[in-house]
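**Q** Sequence and predicted structure are below.
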Amino acid sequence: MSDANRCQSMMMEFDGLLLDYSRQRATVETMDKLLNLAKAAQLTEKISRMFSGDHINSTENRSVLHAALRAPKDAVIKADGKNVVPEVWNVLDKIKDFSEKIRSGSWVGATGKPLKDVVAVGIGGSFLGPLFVHTAIQTDPEALESAKGRQLRFLANIDPVDVARNINGLNPETTLVVVVSKTFTTAETMLNARTLREWITTALGASAVAKHMVAVSTNLALVEKFGIDPNNAFAFWDWVGGRYSVCSAVGVLPLSLQYGFSVVEKFLKGASSIDQHFQSTPFEKNIPVLLGLLSVWNVSFLGYPARAILPYSQALEKFAPHIQQVSMESNGKGVSIDGLPLPYETGEIDFGEPGTNGQHSFYQLIHQGRVIPCDFIGIVKSQQPVYLKGEVVSNHDELMSNFFAQPDALAYGKTPEQLQKENVSENLIPHKTFSGNRPSLSLLLPELTAYSVGQLLAIYEHRVAVQGFVWGINSFDQWGVELGKVLATQVRKQLHSSRTQGTALEGFNYSTTTLLKRYLETSSEPQI
Ligand SMILES: O=P(O)(O)OC[C@H]1O[C@H](O)[C@H](O)[C@@H](O)[C@@H]1O
C-alpha cells in the first residue's frame, strides 16, 4: 500500500465508476500472471463466442445472449443466424405501450378502476433481479416521483405466509398480477399464480383474469393454457438464463409498471455501457475481467472460499441476494464444461449486507477470524441526503466514513506493538490484535440511479462469466437444482395420498419417515 505506483496501476475508471483493487493480495507481477492465465484459458475467444451467439451453454445447447436484451435498437446480435435485437425491441415497445396504459389509467380493472398496485409472482431469476433493481431505485428522486401512488410487491415463496403478506392491504379491484416464469412450470410460481387467480376470481368473477393477470415467459403455450390472454403475455427467449433475465420482460415489465419505461430504459443503458466496455476494452483495463481474475486468484490460488458483498447503501440491500444466485448457481460446479472432474474448487460462497449494518454483525469474523475477500461498494451522492444543523458531518458522510475506514482496517490491522504503545493491558493484547493483510476492493459509483444500477448489475454478471470461463466450466446451466425437486414430487404424492386415503408412508428412510409421520399426525392442515 505504500507503493503509490502499484496502487495507481490498480485503479481503473470507466463511465463515472472508480475501481480500486490495490488492497488485494496481489503484486503487479501477480496481475501479469493472471492476465497470462486469461490468455491460456482463451478468455478473449470465449467472450467473443458468447457475444456472437455460439451455443456456449453446451449442456442445454443454448446461446447466452443476455447482453442482447439491452443492446441499442440498431445493434446486430445473432442467435442461430438470426438478428435477435428487433425481437427484443418488439417486446420492449409492447411493454412501453402496456405500462403506459396501466399507469395512465386507460386500462382499467374489471370494475372500471385503474390498477395502481402490482404483484409480481416469480422465484429465483424471475424474482431476485427485479427485486434488487426495484429496491435500488425506489428512493431515487426521479423514480420516487414516477412511482407516486403505486405499489410493486413480489410474491416468491410458496409459503402461504408470503401470499398473506403480499395481498395484505391490497384490493383485487385495483391490483394487477404479473406471473413471471421462464418455463411456466416452476411449482412454487404456478401454485402462487393459481392462488392469486383464486383471490381475483373470488372477488371479481372468472372473466376478471383477462384484465387483472398478465404473464412473462418463454413458454407462451403454457401461459395461454393457464388462462392468460396471449395478447397479455410478454415473451423472452431460451438464450436468456433465468438468473440473467432481469433485463428481459422479467424485470422490465414490473419495473416499467412501477416507474415508467423511460426510467427502466436508463437501467438498460447502464448495463449496455458495461457490455460494450467488457467486449472492447483490453483486459488490463477491463473492470469485469479484472474483478473476475481477482476472484479466481482469491478462490483458487489463495484458497479463500467466500466473498462478502458490502454495499454502503441501504438501497442496495438486495444486491447480495441477487448476486448469490448469479454467482453461486453459475459457478458452483463439480465438473469442467467437458464433464471431467475438476482438480480445484469453483465458485465462492457469496454473502453480504449493507454497511454499516454488517459492521455490527459479522465483521468481527472478517477482521479477526476467517479471511474473506470483501467488495466495498460506495456511492458519492446520496439519493436522500440529510444534513442536521450542528452535526459534524452529513448523514451520508457519516455512512461513507465507514466505507473508507473499513478497507484500511482490514488491510493494515493492528500490531501488538501499537497496542503496547497505547498502554493496552498485556492480557488483552492478543484479543485486540488485528493480523491485517486482509484483501478487499472498493467500487465507487457517482450516484445510485437506474443507469448506475444497470452498470453494477452488468459488471457482476460479466465478472461471474469471466470466472467460469477461466475455470473452464459451464456457468450457464444449473443441473444441481433438479434432484431436490424430484424428491419433493415424491413427498407431494405421499402427502396427498396420506391425507386423502390415509395411505401409510412408504419408500422413505427411517429419518424422513419419522419426520413425515410427526408432520402428518400433528399438523392442522385442512383435509382435502
Ligand atoms: O423462471 P422460472 O422458469 O420459473 O425459474 C425460476 C428458477 O427456477 C429454478 O430453480 C432455477 O434454478 C432458477 O435458475 C430459476 O431462475
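**A** In hand now; what should we look at? Residues are numbered from 1 along each chain as shown.
**Q** burial count for I287?
**A** 25 (other Cβ atoms under 10 Å). For every residue, glycine as well, the C-beta is placed using N, CA and C.
**Q** and the residue most central in space within the chain, how far is that from F98?
**A** In the chain, the C-alpha nearest the mean C-alpha coordinate belongs to H322, at 2.2 Å (Cα atoms, centre = their mean). Noted for H322: a distance of 25 Å to F98, by Cβ to Cβ, to the nearest Å.
**Q** List phi and psi for the residue nearest to L69 when sequence neighbours are not counted.
**A** Once flanking residues are discounted, L69 sits nearest to C247: 3.9 Å by Cβ to Cβ, 6 or more residues apart in numbering. The phi and psi values for C247, taken as degrees, to the nearest 10, are phi -80, psi 0.
**Q** Distance check, C247 against H134.
**A** In terms of Cβ to Cβ, C247 sits 14 Å off from H134.
**Q** Go through the residues of the stretch 401-528 of the chain and report the one nearest to the ligand.
**A** V481 (3.9 Å; Cβ to the nearest ligand atom).
**Q** Tell me where the longest helix sits in the chain.
**A** Assignment by DSSP state H gives helix 450-471 as the longest helix of the chain.
**Q** which residues in the stretch 401-528 of the chain form helices?
**A** Here the stretch 401-528 of the chain has its helices, by DSSP state H, counting those that start in this stretch, at 416-421, 429-432, 450-471, 482-501, 510-522.
**Q** which one of the ones you listed is the most hemmed in?
**A** Of all these, helix 450-471 has the most neighbours on average by mean count of other Cβ atoms under 10 Å, namely a mean of 25.
**Q** about what we covered before: in this structure the residue nearest to the centre of the chain contacts L128, no?
**A** Yes: counting by Cβ atoms under 8 Å, L128 is a contact partner of H322 at 4.4 Å.
**Q** Return the nearest residue of the stretch 301-450 of the chain with respect to the ligand.
**A** Closest point on the stretch 301-450 of the chain to the ligand, by Cβ to the nearest ligand atom, is E329, at 5.7 Å.
**Q** what's the spacing between the closest residue to that residue other than its chain neighbours and I349?
**A** In space, and not counting its chain neighbours, E329 is closest to Q478: 5.0 Å by Cβ to Cβ, 6+ apart. For Q478, the distance to I349 (Cβ to Cβ) stands at 17 Å.
**Q** Between these two, which is the more surrounded one?
**A** Legend: neighbour count by other Cβ under 10 Å for Q478 and I349, higher for Q478 (21 against 15).
**Q** Do I have it right that the more buried one meets N331?
**A** No: at 10.7 Å, Q478 does not count as touching N331 under the criterion of Cβ under 8 Å.
**Q** Show me the helices in the stretch 201-350 of the chain, by range?
**A** 209-212, 220-226, 249-259, 261-280, 287-296, 319-323, 330-331.
**Q** Output those in JSON lines; the columns should cover mean pLDDT.
**A** JSON lines is the format used below for these (pLDDT from 0 to 100):
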{"stretch": "helix 209-212", "mean pLDDT": "97"}
{"stretch": "helix 220-226", "mean pLDDT": "96"}
{"stretch": "helix 249-259", "mean pLDDT": "98"}
{"stretch": "helix 261-280", "mean pLDDT": "98"}
{"stretch": "helix 287-296", "mean pLDDT": "98"}
{"stretch": "helix 319-323", "mean pLDDT": "98"}
{"stretch": "helix 330-331", "mean pLDDT": "98"}
